[in-house]
Every structure is written in structure tokens, then in C-alpha cells.
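Asker: Compute the structure for the input listed below.
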Amino acid sequence: MTAASEYASVDGRATINLSILFTELPLLERPAAAAAAGFTAAELWWPFGTDTTPSDAELDALRKAFTDAGVRLTGLNFLDDLSVGAKGTASVPAESERFRANIPVAAALAESLGAGALNAIYGNRVEGVGAEEQDALALANLTLAARAAHAFGAVLLIEALNRNDAPDYPLHTARAAVEVVDRINAATGLGNAKFLCDLYHLSINGEDLNAVIDTHADKIGHVQIADNPGRNEPGTGELDIAGLLDRLTAAGYTGPIGLEYKPAGGVSADSFGWLPRELRPAR
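Answerer: As a prediction, this is how the structure comes out:
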């Protein structure tokens, strides 16, 4: 069974994002904390800050933290520079060499921990560089990333972000992200580029979430959730998360649901009471 096919059968479907949950703990302690809360699967933004190629010792320590905890990595960002306020590196000319150097490192880490998805944050528009030039660079870089993911059966994810937090990010709608997905698939012929449907980001941008699901269900490769406003756990805001998840299932999406929210009370372990039975971890 390939990593991509395993990706669609995560126990309980919920996969916990350890870059936003359990951040009260050091990174290497978070997989064990997730396991203690009952989770068998987790995802990460790029976990090494701006370090494009971390040392073997750092990579091995992260692998050990996951394997010792019995937690599988389901998804990983390529180099994203989120730690310094950037929104990805794929389309940024000054960061292109760093992005390309990171591709084999991130792919190897993802493959070694069973991840079936790699997320490439597109990158902000840069003053003095034309949008067409940045888009051409992004396509070249994302084509390389898609091929690296495909080599071990994984998908490449493209995500729309919200315009409040990322005003210079060019992908603010599901349609914009899906157009990039289609360009990548046309360039590679592999079909493994998919849309990361983050309900929180899309809701802030005023998208009709039901329409997004109905229109783009066949392109969705991963789903992430947080309530709006606040980016806290479901039930703290105004989104009908349960209804949206039911709609995704009815539309044919059976993959993991990424919990990418900040715990409203500040304690991650106390923020899972909302989880419905069908999402709950098997443990």
C-alpha cells in the first residue's frame, strides 16, 4: 500500500497539527502529547524555522519522537518561512534556491514517517517583480515538488490563505488555488497536485463554503478546520463545522481532517471535547 492510499485511511480521520496545537511543549515532546490525547496521526508546518536543510541529527530526533510515540506523520509543509512571517517560498525569486534545496529533504522526511501529503505554501507577491514572473517560477518549483512527492506516492497540496493575515499572498480563493493545481498537473502529467481546503481561511475570505465543496470536491486532497472568528476549536465560533464535514463526506472526501486551530483556553489537551465520534482517534 502506498503512502497516498494509506493517507485516506487514518484511524478516526482526525490528524492533529502539531505546529499550532501543543505548542506549550517543545516540538519533540508534542508527538507523545498527541498520543497521550489519543491521536495516532499528526501533521506539521515546516518544523525547522528558516533552516532549509537541517542536520541529520535534527531530522533523526524528530523521526524518533514520532516513532517512539506511535504517531504517524500525515502531512508536512515544504520550506515555508512561516516562523519569520513569510507565507511560503515557492514563488519568491530570492528564495527559489532555498525552496529547491529543501525539496529532497522534506520529501525524505515525509516518506520516512509515512506521510502522504506535502504542502507547498505559494509565497507572497514581491515588490518590483511581475506577477507573471513569480507565477512562472512557482510553476517550475512546484513541478519539481510534485514529482518528488509522486516518487513515494504522495500528493502535493496547494492552499488558499486568508487576506487578513496574508494580504500579499495571491491565492485568496479556492478557484485561484485550484487553477494552480491544474497548471501543475498539466505540466507534470502526474495528477498528484491537489487543493488543500482550509475552511477557516476560506471563511474569512467570504467564500461560500458549501459551494466550494460542491464545485471542487474532486480536487480536494486535504481538509483543515478551525472555527471563525478566533481560529479556535469548533463550537467557539460561527461555522457549521459538523455540517461542512458531512457535506465533504457526501461529496466523496474520505481523507483526514486536519485540526489546525488554537485552543481557546490555551491548553491543547482540553480542546478536544467537540470531536464527533466519526473523527475521534481509535485509541
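Asker: going forward, measure contacts between C-alpha atoms and count neighbours the same way
Answerer: Fine.
Asker: Which residues belonging to stretch 36-45 are considered buried?
Answerer: Under the neighbour-count criterion of 16 or more other Cα atoms under 10 Å, stretch 36-45 has 39-45 buried.
Asker: so where's the chain uncertain?
Answerer: Across the chain, the stretches falling below the confidence threshold (pLDDT under 70) are 1-12, 281-283.
Asker: follow-up on the earlier one: return the member of the buried residues of stretch 36-45 nearest to E278.
Answerer: Using Cα to Cα, the shortest approach to E278 within those belongs to F39, at 13.3 Å.
Asker: Was I right to think the closest one contacts T15?
Answerer: Yes - under the criterion of Cα atoms under 8 Å, F39 lies in contact with T15, with a separation of 7.3 Å.
Asker: Name the SS class of L279, please.
Answerer: At L279, secondary structure determined by DSSP: H, G, I helix; E, B strand; the rest coil is coil.
Asker: Please determine how far the spatially most central residue of the chain is located from P93.
Answerer: Against the mean C-alpha coordinate of the chain, by Cα atoms, centre = their mean, the closest residue is N119 at 5.1 Å. Using Cα to Cα, to the nearest Å, one gets 19 Å for the distance from N119 to P93.
Asker: Could you do A35 as well?
Answerer: For A35 relative to P93 (Cα to Cα), the value is 40 Å.
Asker: cool, and D214?
Answerer: With distances taken as Cα to Cα, D214 is found 35 Å from P93.
Asker: So which of these two has more stuff around it?
Answerer: Taking D214 and P93 together and counting by other Cα atoms under 10 Å, P93 has the greater number of neighbours (17 against 13).
Asker: Can you give the distance of stretch 264-273 from its chain's centre?
Answerer: Stretch 264-273 has its average C-alpha position 21 Å from the chain's average C-alpha position, going by Cα atoms, centre = their mean, to the nearest Å.
Asker: and E58, that one's in a helix?
Answerer: Yes - inclusion of E58 in a helix is indicated when three-state DSSP is applied.
Asker: quick one: buried residues of stretch 264-283?
Answerer: By neighbour count, and taking 16+ other Cα under 10 Å as the criterion, the buried residues in stretch 264-283 are 268, 271, 279-281.
Asker: scratch that, stretch 237-244
Answerer: 239, 241, 244.
Asker: Among those residues, which lie within helices?
Answerer: Members of those lying in helices (criterion: DSSP state H): 241, 244.
Asker: Tell me who's in contact with the residue nearest to the centre of the chain.
Answerer: N119 is in contact with 75-78, 156-159, counting by Cα atoms under 8 Å, 6 or more residues apart in numbering.
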